[in-house]
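Engineer: what follows is a predicted protein model with its sequence.
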Amino acid sequence: MFIAIDEVGNEIEAIYATRSKKYYCPVCQSEVIVKRGDFKIAHFSHQNINMCERYLYRRESPLHLKLKNDLYVMLKPHYDVRLEYYLHEIEQIPDCLVEYSVALEIQLSKISPSLILERTNGYKKLGIDVRWIHDDSTIVTKADTIFLNHFQISTMNEFHLFTVNSDTQTFFAYRVKGNVGGMRWLYEKEMISHHDLVRPINDIDEFIQMETDFISNEIKRARMMRSVRNKTLTYLYLLQVSADELPVFFRYLTPFERYIQESPLEWKLYLYYHIKNKSFNYHAFLDYITIRKINTNLTSRDIANGLLYDFKSLLRISNE
């Protein structure tokens, strides 16, 4: 950590600390020691990390320490920014807290989506927005497709993923536009400044028309799973239709389907079948959809209603 309390209660940055004085952790009040050297960023360390309440100050890698310090130095001339500010109400310590409204978290290690969402919701309770910042080298892309794991998905804010290039101190934002099945998404990548990290984020709702072979490729993927319980194949069988016979709106990606784990083809087939057979049941539809572990204020009903709105919009598109 970079901030400690001296013997008279003042906050002190590690770069200004002297080894002849005593310093204390702002969370657990146990004594900490200052560490620095020719190849080490100045920082404080617990003599025993187990002493710290709830392990809030964990051992951080040299890269994490460097990126956190670099970000603080960039922001300090322009904003009221606090480094490692302890939020006692939620027992969390953001790497940088900007204007008491935006938390910036360097997240180089992979942790569970549930823990990410727990921490995100903690910030929300205090009216603080959070940007989780990944190492850009860990992001996997191919052409216009980005491959995201559950951990990365949970860190998105308004379907934006933030990264940093640790060598060049360059920041990027990936706007995740549409899910094309499983963990594959369409995206746009943009270089941003450190100022953009603290500005409001606006998601852009859009319907994306895919190429003519999109449906047939998705059916091939379903068949490759070799599961008799595959719902995509089940509804195709029940509808007695081939890929070529499906309406054109099946080729569209919609905004709300990004929130669910069902493929862009499967959930549309589900609604298409039940509407055609006059067997649609709203509560059954709620049970059918599986919400991703994602940062959102929407309830499952909000998302279900959004999907139904998307589907009605697709029907209008097909009639134009």
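Structural biologist: Cool, got the structure.

Engineer: any idea how far residue 224 is from residue 230?
Structural biologist: As judged by C-beta to C-beta, to the nearest Å, residue 224 and residue 230 stand 10 Å apart. Heads up, the C-betas are built off the backbone N, CA and C, glycines and all.

Engineer: between those two, which one's more packed in?
Structural biologist: Higher neighbour count among residue 224 and residue 230: residue 230, with 18 against 9, using other C-beta atoms under 10 Å.

Engineer: tell me the pLDDT of the more buried one.
Structural biologist: On pLDDT, residue 230 comes in at 86.

Engineer: in the chain, which helix or strand is least confident?
Structural biologist: strand 40-46 (a mean of 74; mean pLDDT, DSSP states H and E).

Engineer: A helix includes residue 305, no?
Structural biologist: Yes. Counting by DSSP: H, G, I helix; E, B strand; the rest coil, residue 305 is located in a helix.

Engineer: renumber starting at 220 from here on
Structural biologist: Yes, from this point I'll number from 220; that puts the last item at residue 524.

Engineer: which pLDDT does the model give it?
Structural biologist: Residue 524 carries a pLDDT score of 98 in this model.

Engineer: follow-up on the earlier one: buried ones in the least confident helix or strand of the chain?
Structural biologist: Neighbour counts using 16 or more other C-beta atoms under 10 Å place 260, 261, 262, 263, 264, 265 of strand 259-265 among the buried residues.

Engineer: what lies in contact with it?
Structural biologist: 220-223, 233-234, 236, 242, 244, 249, 251-255, 271, 276, 281, 284-285, 288 (C-beta atoms under 8 Å, 6 or more residues apart in numbering).

Engineer: quickly run through the sheet partners of it, with directions.
Structural biologist: Here strand 259-265 has these sheet partners by DSSP bridges: strand 250-256 (antiparallel).

Engineer: list the buried residues in the helix or strand following the least confident helix or strand of the chain.
Structural biologist: The helix or strand immediately downstream of strand 259-265 is helix 281-294, counting by DSSP states H and E. Of the residues in helix 281-294, 283, 284, 286, 287, 288, 289, 290, 291, 293, 294 count as buried by neighbour count, 16+ other C-beta under 10 Å.

Engineer: can I get those residues in CSV with distance to residue 308 and pLDDT?
Structural biologist: Formatted as CSV, those follow (distance: C-beta to C-beta, whole Å; pLDDT from 0 to 100):
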residue, distance to residue 308, pLDDT
283, 24, 90
284, 26, 86
286, 26, 92
287, 22, 90
288, 26, 89
289, 28, 91
290, 24, 95
291, 22, 92
293, 27, 95
294, 23, 97
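
Engineer: how about those in JSON lines, adding distance to residue 490?
Structural biologist: Putting the buried residues of helix 281-294 into JSON lines (distance: C-beta to C-beta, whole Å) gives the following:
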{"residue": "283", "distance to residue 490": "45"}
{"residue": "284", "distance to residue 490": "50"}
{"residue": "286", "distance to residue 490": "45"}
{"residue": "287", "distance to residue 490": "46"}
{"residue": "288", "distance to residue 490": "51"}
{"residue": "289", "distance to residue 490": "49"}
{"residue": "290", "distance to residue 490": "45"}
{"residue": "291", "distance to residue 490": "49"}
{"residue": "293", "distance to residue 490": "48"}
{"residue": "294", "distance to residue 490": "46"}
